[in-house]
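Asks: sequence first, then the predicted structure, then my questions.
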Amino acid sequence: MHGPAAERFVVLNLRLLAVTFAVVGILFVAVPSGVLDVISDVGDALFASTELTTHGRTEYIGPAYYTSMGFAVPASLGAAVARPQMRTVALVGDGAFQMTVQELSPIIPHNLHHLCLV
């Protein structure tokens, strides 16, 4: 892709990344410190979460490689089961979410405090 189409593509991606950063920032302002576990997936979710500041008992887990796409949803459910007193948030892209959406089935029967931000 070259020329104006490539420039529009880059601008669109930068705008989407800016929205992701804004949502992550709002999340951390709205949630009390020390009650959150954050697990991010690869891609924009990982890059946006690099700016997070954790406080208290807040934990952050993120994969380092693109070959681990689909990591955040099942990992965050494991964290929700392991630490039920915490609010667990998965930062995940649309592709990884489509790959792992079926993993969300235990949320209601096990009364997990879980949130997926796609």
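Replies: On my side now, so go ahead. Residues are numbered from 1 along each chain as shown.

Asks: would you mind pulling up the elements that the strand or helix carrying residue 96 packs against?
Replies: Assessed by DSSP states H and E, residue 96 sits inside helix 94-100. Judged by 3 or more Cβ pairs under 8 Å, 6 or more residues apart in numbering; DSSP states H and E, helix 94-100 is in contact with helix 72-82. Where you see a C-beta, it was placed from the backbone N, CA and C, and this is true even at glycine.

Asks: what sits up against the helix it packs on?
Replies: 37, 39-41, 45, 59, 61, 86, 88-92, 96-97, 100-101, 103-104, 106-107, 110, 112-114, 116 (Cβ atoms under 8 Å, 6 or more residues apart in numbering).

Asks: weed out the non-buried ones from these.
Replies: Buried members of the contacts of helix 72-82, counted by 16 or more other Cβ atoms under 10 Å: 37, 39-41, 45, 86, 88-92, 96-97, 100, 103-104, 107, 112-114, 116.

Asks: quick one: least confident helix or strand in the protein?
Replies: Lowest on mean pLDDT, DSSP states H and E among the helices and strands of the chain sits helix 4-30, with a mean of 59.

Asks: low-scoring stretches of the chain, by residue?
Replies: Along the chain, segments meeting pLDDT under 70 span 1-21, 23-34, 66.
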